[in-house]
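J.: give the three-dimensional model of this entry:
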Amino acid sequence: MDSTRLSAAQRWMLGLSCSAVALVVASMAALYTALPEIATATGASQQQLTWIVDGYTLALACLVLPAGALGDRYGRRVVLVVGLFVFAVASATPLVFDSPTWLIGSRAVAGVGAALVMPSTLSLLTAGFPESRRGNAVGLWAGVAGAGAVLGIVGSGLLLERWSWVSIFLAMAVAGVVLMIAGCTIPESVDQERPAMDLWGAVTSAAAVGSIVVAAIEAPARGWLDPLVIVIFVGGVLAAVVFTVIELRVAQPLLDVRLFGRRGFAAGTMSVTVQFLVTFGVFMLLVQFLQLILGYRPLISALAMAPMVVPLVAISAVAPWVAERVGLRLPTFAGLVVLGVGLIAVSRLTVDSSYLDLLWPLLVMSTGLGLCTAPATAAIIAGTPVEKHGVAAAVNDAAREIGAAIGIAVAGSILAAGYTDRIGPALPRLPEAARGPVSDSLAAALQVADRVGPQAQPLVEFAKAAFIHGAQQSCLALGYLAFGAAVLVGIWAPGRPRSSADPDPTPERASTRLTTKR
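T.: Residues are numbered from 1 along each chain as shown. Reported below is the predicted structural model:
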């Protein structure tokens, strides 16, 4: 095989893998702009709306690690195709059954399909590409995955401009079917040894991840010190401890937890978690800023975030090449610092800020993500044997989903606390019936003001200022978190390799046990 040029089959596999991961990541954020319309059409409560979005993330986060192991054992292509089929059928369900309960259930099942798809896309690339081109392929994949949320917001905004919220589900179903058919044309790859499934490891890992994600989802509504939130979180930690004990004792573990002793693997996992934590946290804030403060329609607000994609994908394509020469430490440290700078800049926005005041921090943030996303993913993959790349890809994906869920919870909690603190002095002057909605959120306050008329303009200005205060505090917290992670990675991550000719021998020895077939 010529390692300097990609064959047509490899280019096809790269395009399909990037398209599939873009679809499942875009699905996480595609409903952000449609939630008000879904609430009106279905009568869904705020809690039901939360689970329509987060049911997908929860199922994906819980099952992505066992799904990666299934791909290694039974074939990555077949798991990819099955996952796309499940995703497509679940996405089509709301076309027939559109009650809130059905929406929550269908989104959870779609998350199961996405869990099968995500690790398969990356492990197919790492198994199907020569080592000399693997970094570029992983870099492009990581860039597309990182931009998937923006693509989902833009796509849903375009659909909502002409059609109803149902069109989003139809589009996801059609895309899933097309990619499922295309997936049947790529070569199969599988671990020839076909190790036995670690069922107890799968159960305890799902329990650990699921409990931590549920605690993060419920915390903004119930409070971080709510007894139920604490019990669920502690249960997740205990499940993680049990999972670790099991994996250290079984002969063929679902995930060899000793891999976290490798600096590159551990630092890469931490970096990916932080990246998605701060990114999805700030996305939740920015969608509201664009629509509630700047007054943009869903389509315009989506297009306003689209410029982030350009530097993110462009820099991700070359970042692995840089990391190969200077090590993981420098690009990851620099990327997290630049990301933090962008978040601090976002925290300086005011009620009077324009879109241009937001645009340059968005581009700074996407530059930072481009620098550190692909090297972190490449470090996770490089730290595992080739026949276990499905599980390594699942670790990468689980880190993304856990980070996203916690980021939304943290950003939402700080925003709510800041808004409540600032809006409080205005509440005694309002009628009793209006105090509850106004204290809940800026969106509810604007609805109250719209019903009252022009005389409510002082309330509008006061509520917007309260929202901006909460958003500023939230962005500051996310920015400081990015800076803290940058310091830890700067100390922990491996620097420049001593010799490019002396890589970790484990993956090379393991590659002989991998089979590829059509």
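
J.: in what helix or strand does Gly83 lie?
T.: helix 76-92 (DSSP states H and E).

J.: excluding its backbone neighbours, what's nearest Gly128?
T.: Of all residues not flanking Gly128 in the chain, Met13 sits nearest, at 5.5 Å (C-beta to C-beta, 6 or more residues apart in numbering). To be clear about C-beta, it is placed using only N, CA and C from the backbone, and glycine gets the same treatment.

J.: which SS class is Ser189?
T.: The three-state label given to Ser189 by DSSP: H, G, I helix; E, B strand; the rest coil is strand.

J.: where's the residue nearest to it when sequence neighbours are not counted, which helix or strand?
T.: Closest residue to Ser189 apart from its sequence neighbours, by C-beta to C-beta, 6+ apart: Ala127 at 4.2 Å. Using DSSP H and E, Ala127 maps to helix 100-128.

J.: let me see the mean pLDDT of the helix or strand that that helix is followed by.
T.: Next along the chain after helix 100-128, taking DSSP H and E as the criterion, comes helix 131-162. Across helix 131-162, pLDDT averages out at 79.

J.: coming back round to it: so the residue nearest to Gly128 is in which element?
T.: helix 8-29.

J.: so what's Gly412 up against?
T.: Contact partners of Gly412, counting by C-beta atoms under 8 Å, 6 or more residues apart in numbering, are Pro220, Gly281, Met284.

J.: low-confidence regions, the stretch 351-500 of the chain specifically.
T.: 383, 385-390, 497-500 (pLDDT under 70).

J.: returning to that earlier point: ok and the helix holding Met13 relative to helix 76-92, angle-wise?
T.: 30 degrees (axes from the mean of the first three to the mean of the last three C-alpha atoms, to 10 degrees).

J.: and helix 8-29, how far from the chain's centre?
T.: Helix 8-29 sits 15 Å away from the centroid of its parent chain (C-alpha atoms, centre = their mean, to the nearest Å).

J.: packing partners for the helix or strand that contains Val282?
T.: Under the criterion of DSSP H and E, Val282 resides in helix 263-288. Contacts defined by 3 or more C-beta pairs under 8 Å, 6 or more residues apart in numbering; DSSP states H and E place helix 263-288 against helix 131-162, helix 298-305, helix 329-346, helix 355-382, helix 389-423, helix 457-492.

J.: quick check: which of those is nearest to Ala444?
T.: Set against Ala444 and scored by C-beta to C-beta, the helices and strands packed on helix 263-288 come closest in helix 457-492, at 9.0 Å.

J.: so which elements touch the closest one?
T.: helix 263-288, helix 329-346, helix 389-423, helix 442-452.

J.: and the last one, how far from the chain's centre?
T.: Translated: helix 442-452. 32 Å.

J.: from the contact counts, what lies against it?
T.: Helix 442-452 packs on helix 432-440, helix 457-492, going by 3+ C-beta pairs under 8 Å, 6+ apart.

J.: mind running it again at 10 Å?
T.: Applying 3 or more C-beta pairs under 10 Å, 6 or more residues apart in numbering; DSSP states H and E, one finds that helix 442-452 contacts helix 389-423, helix 432-440, helix 457-492.

J.: let me know the pLDDT of Thr515.
T.: Per-residue pLDDT puts Thr515 at 47.

J.: any idea of the angle the helix holding Val282 forms with helix 298-305?
T.: In terms of direction (the same axes, to 10 degrees), helix 263-288 departs from helix 298-305 by 140 degrees.

J.: tilt between helix 263-288 and helix 329-346?
T.: Angle between the axes of helix 263-288 and helix 329-346 is 20 degrees (criterion: the same axes, to 10 degrees).

J.: what residues sit buried inside helix 263-288?
T.: 263-288 (16 or more other C-beta atoms under 10 Å).

J.: stretch 231-246 too?
T.: Ile232, Phe233, Gly235, Gly236, Ala239, Ala240, Val242, Phe243, Thr244, Ile246.

J.: quick one, what contacts the residue sitting furthest away from the middle of the chain?
T.: Ranked by distance from the centre of the chain (C-alpha atoms, centre = their mean), the top residue is Gln455, with 42.1 Å. Residues near Gln455 by C-beta atoms under 10 Å, 6 or more residues apart in numbering: Ala449.

J.: go again using 6 Å as the cut-off
T.: The neighbourhood of Gln455, defined by C-beta atoms under 6 Å, 6 or more residues apart in numbering, contains no residues.

J.: need the phi and psi values for it.
T.: phi -70, psi -10 (degrees, to the nearest 10).

J.: now Gly453
T.: phi 110, psi -170.

J.: kindly report the same for Ser353.
T.: phi -70, psi 150.

J.: now the residue nearest to it when sequence neighbours are not counted: how far from Pro66?
T.: Residue nearest to Ser353 in three dimensions, not counting chain neighbours: Ile293, with 7.8 Å by C-beta to C-beta, 6+ apart. Using C-beta to C-beta, to the nearest Å, Ile293 is found at 42 Å from Pro66.

J.: same question, Ala108
T.: Using C-beta to C-beta, Ala108 is found at 16 Å from Pro66.

J.: higher neighbour count, those two?
T.: Per other C-beta atoms under 10 Å, whichever of Ala108 and Pro66 has more neighbours is Pro66, with 24 against 20.

J.: Ala399 contacts Val272, correct?
T.: Yes: Ala399 is within contact range of Val272, at 4.3 Å (criterion: C-beta atoms under 6 Å).

J.: returning to that earlier point: next, the buried residues of the very next helix or strand once past the helix holding Met13.
T.: Using DSSP H and E, the next helix or strand after helix 8-29 towards the C-terminus is helix 35-42. Within helix 35-42, the residues scored as buried using 16+ other C-beta under 10 Å are Leu35, Glu37, Ile38, Ala39, Thr42.

J.: next one: stretch 77-95
T.: For stretch 77-95, by 16+ other C-beta under 10 Å, it's 77-94.

J.: residues touching the spatially closest residue to Trp165 that is not a sequence neighbour, list them.
T.: Among residues not flanking Trp165 along the chain, Ala34 sits closest, at 4.2 Å (C-beta to C-beta, 6+ apart). Residues in contact with Ala34, defined by C-beta under 6 Å, 6+ apart, are Ser156, Trp165, Ile168.
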